[in-house]
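1. Structure for this input, please:
(one chain, ligands or ions: 2)
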Amino acid sequence: MLDAQTSPAAPPVIRREDYRPPDWLVPSVALDFKLSAERTRVHARFQVVRNGDHDRPLRLDGDELEPVAVRTDGKARVDWTMDDGALVIALEGDSHWVETEVELNPAANTKLMGLYASSGLLCTQCEAEGFRRITFFPDRPDVLSRYHVRMEADRSAYPVLLSNGDLVGTGELDSGSHWAEWHDPFPKPAYLFALVAGDLHANRDSFVTMSGRKVDLGIWVTERDLPKTAHAMAALKASMRWDEEVYGREYDLGIFNIVAVDDFNFGAMENKGLNIFNSRYILADPDTATDLDYDGILGVVAHEYFHNWSGDRVTCRDWFQLSLKEGFTVFRDQCFSADQGSAAVRRIEDVRMLRASQFQEDAGPLAHPVRPESYIEISNFYTATVYNKGAEVIRVLHTLLGPEKFRAGSDLYFERHDGQAVTCEDFVLAMEDASGIDLSQFRLWYSQAGTPHVKFALSHDPAGCEAVLRLEQSVPDTPGQMNKLPMTIPLRLALFDPETGDCEVERLEILTEQTTEIRFPGLAKRPVISINRGFSAPIIVEGDRSATDLAFLSANDDDPFGRYEAMQQLMLDTLVGTLSNHKVDHAAVVDAVRKTMTNNALDAAFIAEAVLLPSEAFVGDQMLVVDPDAIKTERDSLRHALGSELEALWRAAYSAHAAEPFEYSPQAKGSRRLRNISLGYLAASAAADFAGLAFRQFEAADNMTDRLAALGTLANSDADERVAALDIFYHRYRDNPLVIDKWFTTQALSTRMDTIQAVHELRIHPDFTLHNPNRVRALAGAFSVNQQQFNLGDGSGYRFLADIILELDPINPQTAAKLLPPLGRWRRFDGKRQALMIAELERIVRQSGLSKDVFEQATKSLSRD
Ligand code: BES
Ligand code: ZN
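-> Ligands and ions are numbered 1, 2, ... in the order given. Just a heads-up that it's a prediction; the model follows:
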């Protein structure tokens, strides 16, 4: 079998241990662009300075570039060579001026890396290694330069010309062209370079920083989208204030611009002073964006803004340190979002997301540490582990140090490393130095892959009035890593009196050993334990709490996360119990949900999360062998029991939270969520009027959250209203690509048994295109997480996905590679499905001319270690 390490065709593996400082530094660079969609000229002029004592030539990275001209110190050179896309020039002295010219065709750039065209705009994406597709340059994050950028373009097609930093000049040229010059005073790595040219209009505002400087803010979109930028602007201003208040970080330029583009491989990008966003994370109004979209915009705008310090001012030395900026910044945006609404609900959502994506990754063939040791293609390492586990690791640090020391560590980090490209180790050292706390063992969170497990057992001795908690931690083997060391695990615990409901003990226990025993004296009655409260550590906790204890906690735990967790565990135990011994007993879950629904002390937003059943995928994660059909059947049956036995409660909630004029507030969001979950339970109860109810809601809704929820409920059903609603929805929004994405996704996520036919038809729908990553994810990405339908026993779901990956790879390898992980989950399924998934992976690997991106993901997914 082909393997990433041994295949003869295998592209080179880059290793962290091979890091070497750059041979040449580039203190400043001047870029001159003559822009046009099909023929753009790039002239680069920069100084190179030998770094250290060596006689190696200058090597300028390039990707699909051909030099039109090369000069050093003003003289034309012809003695350069090309090596693996890079331009290699021998240089005698220690300091030289280099000039190159290249020609690009942005309209033909379907990879969306480098300079490309999107809906009439020209824009760039350089992280991680896209700058080398624009000009020859040492494209690595530890080469920091001051950029001066001149752009020239046709004035009518490209009236707006933007780049990093400050605008320093503009002017007219003959024949309808114009120019603009931008200067960025902050040295930055090439991955933070950006330019945008196009017919854009700005929502302009301003922000006065804590030291009284005025910053001009602009959110640039097409004219017709201007009314949809208000929420993003409010999010930006809130983020700027929050970073001042919570981290003492002030914005540093006179201008901050954001541009929204339709074709984008990721969510958004933190280019210095010129963030570029996927339009889905900027544009919102009540008619077209759901509450989830509004939340996403808030979080992503904040995330990219926060990178101005955690990423731009202090950047990464090499790409193995990616979590230095991403983990920290995700932690920062999570805390920001928690502060803007319900912190408890936000934590529940973050943990659900971590479990759905990162835990699966950590348990499979693509598992890697938060700071990876090697890669073939760095784009494959923008993962849930680097991002979400990385954020949890920072949260662990925050818990270990406490808020004051953590802030002191963050201050020291920014002060010590401002203007530098550094490592995760530098971050931990700053935290250690500022707090005086030894973080030696904590560092294992960066190097050991795999989700730690903590087993617990609580015993009680009534005679001695003592409870004893025994804890045992272990970290599972992962590809290339065995026999791991015990980690520092901060566990928040509480013990409750089961009769009075009082909390008797609350503490933070820091596990450092493989086994820990904690004695709790003075307890006459056997207590109920609440463990890993607030999800204080990103671990899997295993214990055998009874249904009675879980029901007690779901009603009494004073930690909202603990309540949610107890309910989830109760639901999981019920489902897994039914799946393994076929004894159906829904009573405890029905009773606990009833109590939650009728508890007046809880808000709607929390109730909505608590009464939701764990996803089919999460149920599957608890099983030795995932049986998608049985899971769907049993989960539906529990849903039906909840729906019908509590029908009156769902009806009451449905009308109590009846639609009001739309408002984006935590309360209004909570009401919508609970109302729509109630509608879902009414559908599950098979209530005769549910389709009528859903269709009325679909038609009358004044916001996308309610309209889409109703559509989703209908799309899962056999009701006559289903086809009508899908059709009405399509025609109403056919000119809005972000909403048409939802139309694709709703059908791809349908639980109906004909979903595979539907996705085949959608694949050839005139609105489907492989050239827009959002559309690809809306169909193929969504379908691949539809557990039962993707895992059809005949393998047709796998084939559908593999076909798309193969067709997309030559167009956009990054986006193709991101679709691959669901096929790598074969170890979790029965033999028949395993063989079908492996066959698809092998078919992918056999394709000639496969990208590094897909090659790495597919070969690793096949490997049997
Ligand atoms: N720096 C990334 C964008 C990026 C990702 C560039 C991968 C190149 C490759 C940006 O800061 C980011 O992390 N964006 C996230 C959203 C964020 C809220 C987690 C994204 O694009 O998904
Ligand atoms: Zn980021």
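
2. helix, strand or coil for Leu471?
-> Here Leu471 is strand, with the state taken from DSSP: H, G, I helix; E, B strand; the rest coil.

3. So for Ser784, what's the nearest residue that isn't a sequence neighbour?
-> Pro822 (4.2 Å; Cβ to Cβ, 6 or more residues apart in numbering). Where C-beta positions appear, they are placed from N, C-alpha and C, glycine not excepted.

4. Could you tell me what pLDDT the model assigned to that neighbour?
-> On the pLDDT scale, Pro822 is placed at 98.

5. can you confirm it is in a strand?
-> No: going by three-state DSSP, the assignment for Pro822 is helix, not a strand.

6. residue contacts, it?
-> For Pro822, the contact set (Cβ atoms under 8 Å, 6 or more residues apart in numbering) comprises Ser784, Val785, Phe790, Leu801.

7. Mind doing that once more with 7 Å?
-> Ser784, Phe790, Leu801 (Cβ atoms under 7 Å, 6 or more residues apart in numbering).

8. show me where the stretch 201-350 of the chain has helices.
-> Assigned by DSSP state H, counting those that start in this stretch, the helices in the stretch 201-350 of the chain fall at 230-247, 291-306, 322-340, 343-353.

9. Ok, which of the ones you listed comes nearest Ser861?
-> Ser861 sits nearest to helix 322-340 of all the helices of the stretch 201-350 of the chain, at 21.1 Å, using Cβ to Cβ.

10. can you pull the alpha-carbon coordinates of that closest one into CSV?
-> Output in CSV follows, covering the C-alpha atoms of helix 322-340 (Å, rounded to 0.1, in the frame of the first residue of the first chain):
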residue,chain,number,x,y,z
LEU,A,322,0.8,27.9,13.8
SER,A,323,-1.1,27.4,17.0
LEU,A,324,1.0,30.2,18.6
LYS,A,325,-1.2,32.6,16.7
GLU,A,326,-4.3,30.5,15.9
GLY,A,327,-4.9,28.7,19.2
PHE,A,328,-4.3,31.9,21.2
THR,A,329,-6.5,33.9,18.9
VAL,A,330,-9.3,31.4,18.9
PHE,A,331,-9.2,31.5,22.7
ARG,A,332,-9.4,35.3,22.6
ASP,A,333,-12.3,35.3,20.2
GLN,A,334,-14.2,32.6,22.2
CYS,A,335,-13.8,34.8,25.4
PHE,A,336,-14.9,37.9,23.4
SER,A,337,-18.0,36.1,22.1
ALA,A,338,-18.8,34.7,25.6
ASP,A,339,-18.7,38.3,26.9
GLN,A,340,-21.2,39.5,24.2
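
11. now it: how far from the chain's centre is it?
-> Between the centre of helix 322-340 and the centre of its host chain there is 11 Å, according to Cα atoms, centre = their mean, to the nearest Å.

12. and that helix, what does it pack onto?
-> Applying 3 or more Cβ pairs under 7 Å, 6 or more residues apart in numbering; DSSP states H and E, one finds that helix 322-340 makes contact with helix 230-247, helix 291-306, strand 315-316, helix 343-353, helix 390-417, helix 424-435.

13. Adding distance to ligand 2, mean pLDDT and mean neighbour count, write the ones you listed out as a markdown table.
-> A markdown table is the format used below for the helices and strands packed on helix 322-340 (distance: least, Cβ to the ion, whole Å; pLDDT from 0 to 100; neighbours: other Cβ atoms under 10 Å):
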| stretch | distance to ligand 2 | mean pLDDT | mean neighbour count |
| --- | --- | --- | --- |
| helix 230-247 | 13 | 99 | 19 |
| helix 291-306 | 5 | 98 | 23 |
| strand 315-316 | 11 | 99 | 24 |
| helix 343-353 | 15 | 98 | 19 |
| helix 390-417 | 10 | 99 | 20 |
| helix 424-435 | 15 | 99 | 20 |
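
14. These: which one's closest to Asp205?
-> Comparison of those against Asp205 by Cβ to Cβ identifies helix 230-247 as nearest, at 5.4 Å.

15. pLDDT weak spots in the stretch 551-700 of the chain?
-> Filtered on pLDDT under 70, the stretch 551-700 of the chain yields no residues whatsoever.

16. let's see it at 90
-> Applying pLDDT under 90 to the stretch 551-700 of the chain picks out residues 580-584, 659-660.

17. Need the nearest residue in space to the closest residue to ligand 2 within it, chain neighbours excluded.
-> With Cβ to the ion as the measure, Tyr664 is the residue of the stretch 551-700 of the chain nearest to ligand 2, at 24.1 Å. Distance criterion Cβ to Cβ, 6+ apart; nearest residue to Tyr664, sequence neighbours excluded, is Tyr294 at 5.4 Å.

18. ok, the one you found - contacts?
-> Residues near Tyr294 by Cβ under 7 Å, 6+ apart: His231, Ala284, Tyr664.

19. Using TSV, lay out those residues together with distance to ligand 1.
-> Output for the contacts of Tyr294, formatted as TSV (distance: Cβ to the nearest ligand atom, whole Å):
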residue	distance to ligand 1
His231	16
Ala284	16
Tyr664	19
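
20. ok, so of the residues you listed, who is nearest Phe520?
-> Tyr664 (44.9 Å).

21. quick one, phi/psi of that closest one?
-> phi -100, psi 90 (degrees, to the nearest 10).

22. Surely Gly165 and Trp182 touch.
-> Yes: using Cβ atoms under 7 Å, Gly165 makes contact with Trp182 at a distance of 5.3 Å.

23. These two: which has the busier surroundings?
-> Counting neighbours by other Cβ atoms under 10 Å for Gly165 and for Trp182 shows that Trp182 has the greater number, 25 against 21.

24. ok, and that one, which helix or strand is that part of?
-> In this assignment (DSSP states H and E), Trp182 forms part of strand 177-188.

25. So what's the gap between that strand and the chain middle?
-> Worked out by Cα atoms, centre = their mean, strand 177-188 lies 31 Å from the chain centre.

26. Determine if any part of that strand is in contact with ligand 1.
-> No: counting by Cβ under 6 Å from any ligand atom, ligand 1 is not contacted by strand 177-188; separation bottoms out at 13.2 Å.

27. Going C-terminal from that strand, what's the next secondary structure element?
-> Following strand 177-188 in sequence, per DSSP H and E, is strand 195-198.

28. what mean pLDDT does that next one have?
-> Rounded mean pLDDT across strand 195-198 is 99.

29. what does stretch 506-521 give?
-> So the average pLDDT for stretch 506-521 ends up being 98.

30. mind starting the numbering at 101 from now?
-> Okay, using 101 as the starting number, the last item reads as stretch 606-621.

31. Run through who's touching that stretch.
-> By Cβ under 7 Å, 6+ apart, stretch 606-621 touches 500, 541, 565-573, 586, 588-595, 605.

32. How far does that stretch stretch from one end to the other?
-> One end of stretch 606-621 sits 13 Å from the other (Cα to Cα, to the nearest Å).

33. Just the buried residues of that stretch, please?
-> By neighbour count on 16 or more other Cβ atoms under 10 Å, the buried set for stretch 606-621 is Ile610, Leu611, Thr616, Ile618, Phe620.

34. Check stretch 146-160 too.
-> Phe146, Gln147, Val148, Arg150, Asn151, Pro157, Leu158, Arg159, Leu160.

35. helix/strand/coil for the third one?
-> Spelled out, that is Val148. Look at Val148: counting by three-state DSSP, its state is strand.

36. which one among the buried residues of stretch 606-621 gets closest to ligand 2?
-> Once Cβ to the ion is applied, the member of the buried residues of stretch 606-621 that ends up nearest ligand 2 is Ile610, at 29.3 Å.
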